[in-house]
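> this is a predicted model, with the sequence first.
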Amino acid sequence: MSKKAVSCPVETTLHIIGGRWKPLILNHLLEGMKRFGELHRLLRGVSHRTLAQQLRQLEAEGIVRRKVYQQIPPKVEYSLTSLGLSLRPILLAMHEWGEVYARKTVKFNEVSLSKSYRSS
């Protein structure tokens with residue numbers, strides 16, 4: 001069975017940065033280089049296995065750079081490539097949209113709740 005062909009640039013973008021953890025990983029890497037442990041602490045709730053898998057996928061797509069230092073204990077640093085840095089405006093737009101949506105949703109929910117209490 002072959003993979004479905006991507007038919008839209010938005011679909012391509014979602015394929016690369018979509019999912020529960022990738023946008024959050026990228027958001028933290030926009031701040032600068034991070035070690036695995038730092039990312040794991042920042043991303044509360046992600047397992048070590050999932051974080052490693054997501055970072056490997058982003059590395060394979062050319063979005064994240066993984067630098068390994070040959071020392072004991074092993075030291076690995078993650079940073080964004082120039083291609084990864086080009087995602088900054090997309091991630092910032094997602095952040096801004098999320099803030100606006102959250103504000104509107106809260107206002108909508110407050111109005112809905114106040115109407116439901118008045119009709120009771």
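Everything's here; your move. Numbering: from 1, shown residues only.
> just for this structure, where's the confidence low?
The chain contains residues with pLDDT under 70 at 1-4, 6, 108-120.
> again, only this time at 90
Regions of the chain meeting the criterion pLDDT under 90 cover residues 1-7, 72-74, 101-120.
> so what's the most centrally placed residue in it closest to, chain neighbours aside?
Closest residue to the average C-alpha location of the chain: residue 23 at 1.1 Å, with Cα atoms, centre = their mean. Leaving aside its chain neighbours, residue 23 sits nearest to residue 17 (5.8 Å; criterion: Cβ to Cβ, 6 or more residues apart in numbering). Backbone N, C-alpha and C define where each C-beta goes, glycine included.
> please apply the same query to residue 34.
Excluding the flanking residues, the one nearest residue 34 by Cβ to Cβ, 6+ apart is residue 78, at 5.6 Å.
> ramachandran angles for that neighbour?
phi -120, psi 140 (degrees, to the nearest 10).
> now residue 33
Per degrees, to the nearest 10, the backbone of residue 33 is at phi -60, psi 140.
> with residue 32 instead?
Torsion angles, degrees, to the nearest 10, at residue 32: phi 130, psi -180.
> surely it is in contact with residue 79?
Yes. Using Cβ atoms under 8 Å, residue 32 makes contact with residue 79 at a distance of 7.2 Å.
> for stretch 47-56, which residues meet the burial criterion?
Neighbour-count burial for stretch 47-56 flags 51, 54-55 (criterion: 16 or more other Cβ atoms under 10 Å).
> on that earlier part again, how many neighbouring residues does the residue nearest to residue 34 have?
Residue crowding around residue 78 was assessed by other Cβ atoms under 10 Å; the count is 22.
> then residue 66?
Using other Cβ under 10 Å, residue 66 is surrounded by 13 other residues.
> against residue 80, how distant is it?
Separation of residue 66 from residue 80 (Cβ to Cβ, to the nearest Å): 11 Å.
> and residue 9, by the same measure?
Counting by Cβ to Cβ, the gap from residue 9 to residue 80 is 20 Å.
> when these two are compared, which one has more neighbours?
More crowded of residue 9 and residue 80, by other Cβ under 10 Å: residue 80, with 21 against 8.
> and the nearest residue to residue 43 once chain neighbours are set aside, helix, strand or coil?
Residue nearest to residue 43 in three dimensions, not counting chain neighbours: residue 24, with 5.7 Å by Cβ to Cβ, 6+ apart. Three-state assignment for residue 24 (DSSP: H, G, I helix; E, B strand; the rest coil): helix.
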